[in-house]
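[1] Next input, structure requested:
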Amino acid sequence: MRFVDEAKIQVRAGKGGHGCVSFRREKFVPRGGPDGGNGGDGGSVYLRADNRLLSLYDFRLKRLYEAQNGQPGQGSQCDGKKGTDLVLGLPVGTLVFAEGPEGERLLADLSEPDSLALAARGGRGGKGNEHFKSATMRAPRFAQPGEPGEELNLRLELKILADAGLIGLPNAGKSTFISRVSAARPKIAAYPFTTLTPNLGVMIDEVDPDKRMVIADIPGLIEGAHAGQGLGHRFLKHVERTRFLVHMLSIEDVDDADPWAGFELVNEELRRFDPELAERRQIEVVNKIDLVDEERLETLKARAEADGRKIFFISAREEQALEPLVAELWRLRDELARHEPLLRYEREEAEADEEFPDIEVIYTRE
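    So this is what the prediction gives:
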């Protein structure tokens, strides 16, 4: 299945059914009076967060989603049947934006599994003529039409819910690391941009199996990523909700003159993408230590300590020195709260379910 994290769809709630104009006509019952039933309400469109879904690919294939219309009222005071609601399943972490003449507004943030949001309200059914009878109006020959349902254009944007975001230059060994600490098996090869879409790995605590941590492996960032260079800029939004970032650098990219330049390059791209994201708590990791001798490794560790940087030196491929890093991941996972998405829009309060402001009538002749 293709990974798709943005889609545009149209949702249309059902129309309300028309009220009925009817009079009771029965033998030996003179002046039976009006008995037209009310129309049924139209079905509404709801959005539900489903943790079994990982992509918005299906919404690229189908763009229009409609709920069922309400049925019209009938004689003998029979009300029409309500239209069936339509419930659309979306991946957990999806932001739903409603498009309007004044721009976009945030309609729902499906950040919790099974959370439910109303997207389009169904139209109310019209009142039948039985509803309008009174002492001064014994035989109303009119009824209300059903209201049209709401119709909205929605933009869906998936921002993966992860506890830790794994970032760094291409070929830093991020995919190898996530394959060692979780059950994820991403494609791994010795060339840049092996990772084409974000990979998710789930770490499970050996002591408490119910305690889990989700790590998102983001495609490598290169210089100029904020301006669209490379692949990583497209997926930076998937680390917006993370509690912290794991910044990985290959020891092959460490220069003795300026050993931490790789960290600074990616951090600068983060700052240009969004300053708030650049301030996120980071764990700095140097990977592939199996490619250098012990003497150079000790020199780099001493340099990191002298520079006041807490850097974890590991080899994901050989599974060297992973335990201290994993312990630090669990510590920050318990210490820090998950962030909100960086893009924020004001929510509009739902309108109260009020009566029809004006009676719109349908006239009929007997």
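[2] model confidence over stretch 297-312, on average?
    Across stretch 297-312, the average pLDDT comes to 89.
[3] mind listing the helices for the stretch 251-366 of the chain?
    According to DSSP state H, counting those that start in this stretch, the stretch 251-366 of the chain carries its helices in the segments 261-273, 275-278, 294-306, 322-335.
[4] Turn those helices into TSV, columns for distance to residue 101 and mean neighbour count.
    (Each C-beta comes from the backbone N, C-alpha and C, glycine too.) Putting the helices of the stretch 251-366 of the chain into TSV (distance: least, CB to CB, whole Å; neighbours: other CB atoms under 10 Å) gives the following:
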stretch	distance to residue 101	mean neighbour count
helix 261-273	30	18
helix 275-278	29	15
helix 294-306	55	13
helix 322-335	43	14
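[5] Nearest to residue 70 among these would be which one?
    Nearest of those to residue 70, taken as CB to CB: helix 275-278 at 46.1 Å.
[6] Tell me the helices and strands packed up against that closest one.
    Under the contact criterion of 3 or more CB pairs under 8 Å, 6 or more residues apart in numbering; DSSP states H and E, the helices and strands touching helix 275-278 comprise helix 261-273.
[7] Using CSV, list the CA coordinates for the helix it packs on.
    Extracted in CSV, the C-alpha atoms of helix 261-273 (Å, rounded to 0.1, in the frame of the first residue of the first chain):
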residue,chain,number,x,y,z
ALA,A,261,29.1,19.9,11.7
GLY,A,262,26.6,17.3,10.6
PHE,A,263,24.4,17.9,13.6
GLU,A,264,24.5,21.7,13.0
LEU,A,265,23.6,21.3,9.3
VAL,A,266,20.4,19.4,10.1
ASN,A,267,19.5,21.6,13.0
GLU,A,268,19.8,24.6,10.7
GLU,A,269,17.4,23.0,8.3
LEU,A,270,15.0,22.4,11.2
ARG,A,271,15.2,26.0,12.2
ARG,A,272,14.4,27.2,8.7
PHE,A,273,11.5,24.8,8.5
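[8] mean confidence for it?
    Helix 261-273 shows an average pLDDT of 83 in the prediction.
[9] again, but for stretch 129-144
    Stretch 129-144 shows a mean pLDDT of 83.
[10] which residues touch the residue nearest the centre of the chain?
    Residue closest to the average C-alpha location in the chain (CA atoms, centre = their mean): residue 94, at 0.6 Å. Residues counted as contacts of residue 94 (CB atoms under 8 Å, 6 or more residues apart in numbering) are 47, 49, 56, 110, 156-159.
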